[in-house]
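Q: This is a predicted model, with the sequence first.
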Amino acid sequence: MEIVKIGKAEINGATIETVDARELHAFLGSKQRFADWIKGRIAQYGFSQDVDFTTIHKKMTSPPTIDYALSMDMAKELSMVERNDRGKQARQYFIECERQAKQQAPMTVDQLLEQSAKMVEDLRSQNVQLVQRIEQDKPMTEFGKAISESATAVKIGDWVKAMADDGFKIGRNQAFAWLRDNGYLMQDNQPYQQYVNQGLFEVKEGLVVTSKGQRATFTTLLTGKGQMYFGNKLKAMSGQEVA
């Protein structure tokens with residue numbers, strides 16, 4: 001069942017699937033006026049124009065209006081923070097739409113070649129940056145080396161273990177509490193979008209099958225940048241520093 005129409009718009013130089021903010025606002029049943037709702041959410045959660053959404057100015061209407069085309073990631077987060085059944089339903093709907101789109105839209109040869117070329121260029125750039133960083137940061141601790149050499153984000157529990165191996169002990173629950181208390185994570189331990197945009201966190205999404213049907217799961221991960229950033233913050237509190 002289509003609960004909100006999925007369209008397409010160009011954001012950040014790419015044509016992607018988008019959601020009309022007015023339709024989402026209506027479905028979620030928010031009691032706020034649309035303009036107040038969308039502007040408030042953008043400010044509160046750190047969304048960026050031409051990264052998370054684009055605007056469409058309709059000057060021919062009376063009065064003139066502004067429409068917002070939201071990326072799927074932004075639409076999912078807006079649905080989640082509404083914290084009601086409609087928000088949960090909308091988020092699961094967007095996840096399912098993305099899953100179906102990936103299955104139904106195989107890449108063309110030109111797209112595959114373009115993607116491969118971009119990956120090669122990204123890897124070359126990352127390699128140059130990594131070599132420069134290693135030269136700048138010598139000598140590094142084993143903790144710093146492990147992070148710099150890691151190409152993947154890690155669970156917060158695994159990060160806590162790495163911190164312990166490097167001589168700084170903090171419990172997993174204590175780490176989550178610190179991240180929530182300092183405004184990086186929401187109460188459900190998912191990161192605010194502004195810190196995802198800054199490259200500190202990633203969110204791994206999945207689906208599990210239960211007796212009541214499919215249920216979305218979300219796992220908060222720390223990127224290498226996030227591990228160093230939060231490690232330095234925590235160690236600074238005790239007079240230590242992550243190399």
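A: Good, I have the coordinates.

Q: and the residue nearest the centre of the chain, how far is that from M60?
A: Taking CA atoms, centre = their mean, the centroid of the chain lies closest to V196, which sits 4.3 Å from it. V196 is 36 Å from M60, where distance means CB to CB, to the nearest Å. Placement of C-beta: from N, CA and C, glycine included.

Q: Equivalent analysis for S48, please.
A: Counting by CB to CB - S48 and M60 are separated by 27 Å.

Q: Tell me, what's the model's pLDDT at K76?
A: Looking at K76, its pLDDT is 95.

Q: Show me what the helix or strand harbouring it is packed up against.
A: Per DSSP states H and E: K76 is located in helix 72-82. Helix 72-82 sits against strand 14-20, helix 21-28, helix 34-45, helix 85-104, helix 193-197, with contacts defined as 3 or more CB pairs under 8 Å, 6 or more residues apart in numbering; DSSP states H and E.

Q: which residues are in contact with it?
A: 4, 16-19, 24, 28, 30, 41, 45, 47, 52-53, 70, 86-88, 90-91, 94-95, 97-98, 186, 190, 193 (CB atoms under 8 Å, 6 or more residues apart in numbering).

Q: again with stretch 174-183
A: 156, 159-160, 170, 185-187, 189, 192, 230, 234.

Q: likewise stretch 17-34?
A: 3-9, 11, 37-38, 40, 53-54, 67-72, 75, 78-79, 82, 84, 86-87, 90, 94, 97-98, 101.

Q: Going by neighbour count, which of the residues you listed are buried?
A: Those of the contacts of stretch 17-34 that meet the buried threshold are 4, 6, 9, 11, 37-38, 53-54, 67-72, 75, 78-79, 82, 86-87, 90, 94, 97-98, by 16 or more other CB atoms under 10 Å.

Q: How about T18: which residues does it bridge to?
A: Taking DSSP bridges as the rule, T18 bridges to G7, S71.

Q: distance of it from T108?
A: 21 Å.

Q: Tell me which of those two has more neighbours.
A: Ranked by neighbour count (other CB atoms under 10 Å), T18 and T108 place T18 first, with 22 against 9.

Q: What's the per-residue pLDDT of the more buried one here?
A: 95.

Q: do D50 as well
A: For D50, pLDDT reads 93.

Q: correct me, but it touches E10?
A: No - D50 is beyond contact range of E10, at 9.2 Å (criterion: CB atoms under 8 Å).

Q: okay, now the domains of the chain?
A: Domain assignment for the chain, taken from automatic domain parsing, gives 6-104, 108-137, 139-237.

Q: which stretch in those domains has the least confidence?
A: Across these, the lowest-scoring stretch is domain 108-137, with a mean of 76.

Q: who touches G199 in this structure?
A: 223, 225-226.

Q: and I11, how far is that from Q111?
A: 18 Å.

Q: With M60 instead?
A: M60 is 36 Å from Q111, by CB to CB.

Q: These two - which one has more neighbours?
A: Q111 (11 against 7).

Q: Can you pull the phi/psi pair for that one?
A: Backbone torsions of Q111, given as degrees, to the nearest 10, read phi -70, psi -40.

Q: now swap in V109 and tell me
A: According to degrees, to the nearest 10, V109 has phi -60, psi -40.

Q: Can you give me the buried ones in the host helix or strand of M228?
A: Here M228, judged by DSSP H and E, is contained in helix 224-237. For helix 224-237, the neighbour count (16+ other CB under 10 Å) marks 224, 226-231, 234-235 as buried.

Q: Stretch 193-209 now?
A: Buried residues in stretch 193-209 (16+ other CB under 10 Å): 193-197, 200-203.

Q: Can you give the distance of it from its chain's centre?
A: 4 Å (CA atoms, centre = their mean, to the nearest Å).

Q: Over to stretch 15-22?
A: 17 Å.

Q: Also stretch 32-45?
A: With CA atoms, centre = their mean, you get 19 Å for stretch 32-45.
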